[in-house]
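Student: Predicted model follows, preceded by the sequence.
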Amino acid sequence: MKSSFLLPIILVSIFSCRQPSGHELQLQNRIDSLELKLSSTYKPGFGEFMSAVQSHHAKLWFAGKNENWALANFEIHEIMEALDGITKYQSGRKESKLLPMLDPVLDSMNNAITQKNPLAFEKTYNLLTATCNKCHQATEFGFNVVKIPDQPAFSNQSFQVGKSH
Ligand code: HEC
């Protein structure tokens with residue numbers, strides 16, 4: 001009787017007074033320092049992804065206008081990759097929830113490129129650009145206005161098929 005009354009008390013006092021072992025302290029220190037490292041790891045910002053999207057959006061135009069469909073295919077996938085990066089690294093930003101608004105026009109652009117159709121390309125490019133601006137307006141970044149580029153931003157890249165110099 002006496003021992004069954006004492007046993008829980010003994011057990012509780014053993015567990016509540018138990019000090020973490022040296023090994024456990026070591027592990028906790030490692031977790032703390034890893035968490036600290038993780039919190040200061042560099043991750044690209046929303047605007048940085050957008051700058052990449054901007055560059056590939058411009059290149060896509062010149063690729064399509066030159067009927068360089070291999071390059072156009074590359075550029076549209078670079079845009080999609082940058083958008084995936086936003087989903088992955090900027091999921092905390094409320095604007096990221098609006099990204100799916102681009103899905104239908106990205107599909108249409110992929111089709112135009114696969115079909116090597118210059119008219120469908122131009123029409124879809126206009127719609128793509130309008131959708132970029134639609135999101136900027138919806139997210140209070142309407143002052144970032146995207147348009148069809150007049151000339152390539154880079155003079156060191158050729159957009160013509162098979163032109164190496
Ligand atoms: C889901 C909404 C959304 C869509 C779709 C979108 N953007 Fe953006 N864009 C933003 C937001 C939000 C910013 C401001 C980012 C920041 O906080 O730095 C931005 C910024 C920009 C900027 C300014 C970058 C700078 O630093 O000067 C450019 C250029 C841009 N977007 C281009 C585009 C293009 C081109 C497309 C379409 C292919 C597009 N965006 C589609 C939300 C969007």
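Tutor: Nice, thanks for sending it over.
Student: Strands along this structure, start to end?
Tutor: For the chain, applying DSSP state E gives no strands.
Student: Give me the residue at the spatial middle of this structure.
Tutor: Geometric centre of the chain, nearest residue: Gly85, 1.7 Å, by C-alpha atoms, centre = their mean.
Student: Run through the residues that contact it.
Tutor: Pro44, Phe49, Ala52 (C-beta atoms under 8 Å, 6 or more residues apart in numbering). Every residue, glycine included, has its C-beta placed from N, CA and C.
Student: Quick one: which of those residues is the most crowded by neighbours?
Tutor: Scoring the contacts of Gly85 on neighbours with other C-beta atoms under 10 Å, the highest-scoring entry is Phe49 at 21 neighbours.
Student: Any residues of this structure in contact with the ligand? List them.
Tutor: Counting by C-beta under 6 Å from any ligand atom, the chain comes close to the ligand at 46-47, 50-51, 53-54, 57, 79, 95, 98-99, 101-102, 128, 132, 135-136, 139, 141, 144, 146.
Student: could the contacts of Gly85 go into a markdown table alongside pLDDT and distance to Glu122?
Tutor: Output for the contacts of Gly85, formatted as a markdown table (pLDDT from 0 to 100; distance: C-beta to C-beta, whole Å):
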| residue | pLDDT | distance to Glu122 |
| --- | --- | --- |
| Pro44 | 95 | 31 |
| Phe49 | 98 | 26 |
| Ala52 | 98 | 23 |
